[in-house]
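In: sequence unknown, structure follows:
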């Protein structure tokens, strides 16, 4: 405010009530106060504000009071809000600056590492991945399937490791080694490493496996469901290599101790030994056989029997050989599909006829041996044999001595025993070449009391 407008530096004109600065001795209204020299000091009463000034002052106070009331009411009734957190890394304003400026402090401790995300849950049965297309499945499996070639015929096989294949016993019977032919035409020799004749499963090994050899993973027949889709791959008719057929599982059959997967996927001669695959590409069976005239009636041996052979586990043999058991499933159609099976059946019949003749000759020697033991032999005969005179073929078993004068009788017993041995060994070789399973031959020998460990050496 200007100093000249204050009460101590002005006087009030008595004529018009106007305030006049002291430096003026005459009011604008023309009134001249009657004093000499400078105007006198104004009294306290003369210094009070005019009525207009008082009115303005009162009005301003009222407005200020109303503003305070309004602001107070808003503050009391304002909406509640959560306080905004201040990060620890922000500092207070610098002292003495009066500013709201902030500084970022370096952290004084090592920050905690970010939390490790929780692992994704393992997919359950309902979250199993959708199988790929049939074309993808076949493309993956095809390089692992081969044709198995022997002097007697052909079949199929498939790699389960880089140096190991599965096939059927009836494909490789009579051979210690076979030839495998891949889909690209290349060939390689494979040896027959192990067989489970009563389950018609054989294991092949190769000497120089390829690092890039495709293989087929092993599944299990235990979870197979009737109606599920399956795929069979093999060399149909022994000529059409890597033929693919598709079908469904018609049933799971228990034949003795063997588990068979029945399917309507077409199996032809030459398919034997190939894989039966589920839609995930896992082998659930080794294709074994079908029946002439019985469309859609085909069988694969459970891959679980093949897995046991691969792992070296001994299984309980079927009560009846698998090839005979399969025929019992379809009495109206007894003829198996493959020519090898026909040859094996003929070989078994001839084998049993030869054993029958040998058994009659062996029976006659039994009587001769009993008399020889009483009259001409002093000592023990060690071991256990179907017929005691089989000890003539084992020098360790004859633990006694021949009495003097009985040398010719002893020689006669040896001669007849050699005749029986020659006949049985000839029958064994013929049956083996015909594909008769070792277990079947052993059962036939036991039937005629002609079983001897030396026949299998």
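Out: In hand now; what should we look at? Please read all numbers here as calculations on a predicted model, not as lab measurements.

In: can you give me the domain boundaries for the protein?
Out: Following automatic domain parsing, one finds the domains of the chain at 3-66, 134-328, 339-456.

In: generate JSON lines for these, with mean neighbour count and mean pLDDT as supplementary columns.
Out: To be clear about C-beta, it is placed using only N, CA and C from the backbone, and glycine gets the same treatment. Below are those laid out as JSON lines (neighbours: other C-beta atoms under 10 Å; pLDDT from 0 to 100):
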{"stretch": "domain 3-66", "mean neighbour count": "12", "mean pLDDT": "63"}
{"stretch": "domain 134-328", "mean neighbour count": "20", "mean pLDDT": "82"}
{"stretch": "domain 339-456", "mean neighbour count": "16", "mean pLDDT": "85"}
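
In: all helices of the stretch 301-450 of the chain, in order?
Out: For the stretch 301-450 of the chain, the helices defined by DSSP state H, counting those that start in this stretch cover 303-310, 322-328, 339-376, 407-433, 438-447.

In: who wins for proximity to residue 193 among those helices?
Out: In terms of C-beta to C-beta, the element of these nearest to residue 193 is helix 303-310, at 9.3 Å.

In: elements contacting that closest one?
Out: strand 164-167, strand 187-196, strand 201-205, strand 258-263, strand 283-290 (3 or more C-beta pairs under 8 Å, 6 or more residues apart in numbering; DSSP states H and E).

In: contacts for stretch 367-375 next, please.
Out: For stretch 367-375, the external contacting residues (C-beta atoms under 8 Å, 6 or more residues apart in numbering) are 381, 387, 388, 389, 403, 406, 409, 410, 412, 413, 416.

In: now render these as TSV, adding distance to residue 22.
Out: Output for these, formatted as TSV (distance: C-beta to C-beta, whole Å):
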residue	distance to residue 22
381	166
387	165
388	166
389	168
403	180
406	180
409	180
410	176
412	178
413	174
416	173
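
In: could you measure from residue 214 over to residue 203?
Out: 18 Å (C-beta to C-beta, to the nearest Å).

In: same check on residue 222?
Out: Applying C-beta to C-beta to residue 222 and residue 203 gives a distance of 21 Å.

In: repeat that for residue 358.
Out: 33 Å.

In: can you check residue 352 too?
Out: 29 Å.

In: cool, residue 418 as well?
Out: Taken as C-beta to C-beta, the span from residue 418 to residue 203 is 36 Å.

In: got it, and residue 433?
Out: 21 Å.

In: again with residue 159
Out: In terms of C-beta to C-beta, residue 159 sits 12 Å off from residue 203.

In: identify the contacts common to the two.
Out: Joint contacts of residue 159 and residue 203 (C-beta under 8 Å, 6+ apart) are residue 165.

In: where along the stretch 101-250 of the chain do the strands fall?
Out: 145-149, 154-161, 164-167, 177-181, 187-196, 201-205, 229-236, 240-255 (DSSP state E, counting those that start in this stretch).

In: dump these to TSV, plus distance to residue 426.
Out: As requested, the strands of the stretch 101-250 of the chain are exported to TSV (distance: least, C-beta to C-beta, whole Å):
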stretch	distance to residue 426
strand 145-149	27
strand 154-161	27
strand 164-167	28
strand 177-181	24
strand 187-196	23
strand 201-205	25
strand 229-236	33
strand 240-255	32
